[in-house]
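Colleague: 3D, please:
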Amino acid sequence: MNMNTIKNPLSHIRLPLLAAVALGGLLLVGCAGNPPTAQFALTESAVNAAVSAEATEYSAVEMRSAREKWKQAEMAMQEKDYDKARVLAEQAEWDARVAERKARAAKTQKALKDASQGIEDLREEGMRSAQ
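Modeller: Numbers count the residues shown, from 1 in each chain. Here you go, the predicted model:
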């Protein structure tokens, strides 16, 4: 029996599979090596919007969390740990977005309370004038 005529039934699958795995690995390494500049821009925008919405006053906990994660992301970026930098920047972005929305909601609630108090004051004044 000639050993050269016996073929491994999986031999025709190995080469394409190995090529696909190698290509996938190269793509992952390529992605990991790119700084997350777009994410950093989004995070910076979200933090600035939260500051503009007075989140430091109305949503201090979330704002502090956003700033701490943002600093950690910047440190990871300096260390060229781009995956960690991207994850921390994403977390900082969402913390800032939560802080902004909570601040806007608190300000709206305060304005509503002030308006209700103003209406009540006018009502009482009207009742006194009618008597």
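Colleague: Low-confidence stretches in this protein?
Modeller: 1-32 (pLDDT under 70).
Colleague: just so I have it, where are all the helices in it?
Modeller: Per DSSP state H, the chain carries helices over the ranges 11-32, 37-52, 55-58, 60-78, 82-130.
Colleague: from memory S59 sits against V98, does it?
Modeller: Yes - under the contact definition of CB atoms under 8 Å, S59 touches V98, with a separation of 7.4 Å. Where you see a C-beta, it was placed from the backbone N, CA and C, and this is true even at glycine.
Colleague: more neighbours, those two?
Modeller: Taking other CB atoms under 10 Å, S59 and V98 do not tie; S59 has more neighbours (25 against 19).
Colleague: got the contact list for the more buried one?
Modeller: Counting by CB atoms under 8 Å, 6 or more residues apart in numbering, S59 makes contact with 50, 98-100, 102-103, 106.
Colleague: got CSV for these, with distance to A92 too?
Modeller: Shown next, in CSV, are the contacts of S59 (distance: CB to CB, whole Å):
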residue, distance to A92
A50, 10
V98, 11
A99, 10
E100, 12
K102, 16
A103, 16
A106, 21
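Colleague: Buried among those? Need that as a selection in ChimeraX.
Modeller: Those of the contacts of S59 that count as buried under 16 or more other CB atoms under 10 Å are selected in ChimeraX with:
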select :50,98,99,100,102,103,106
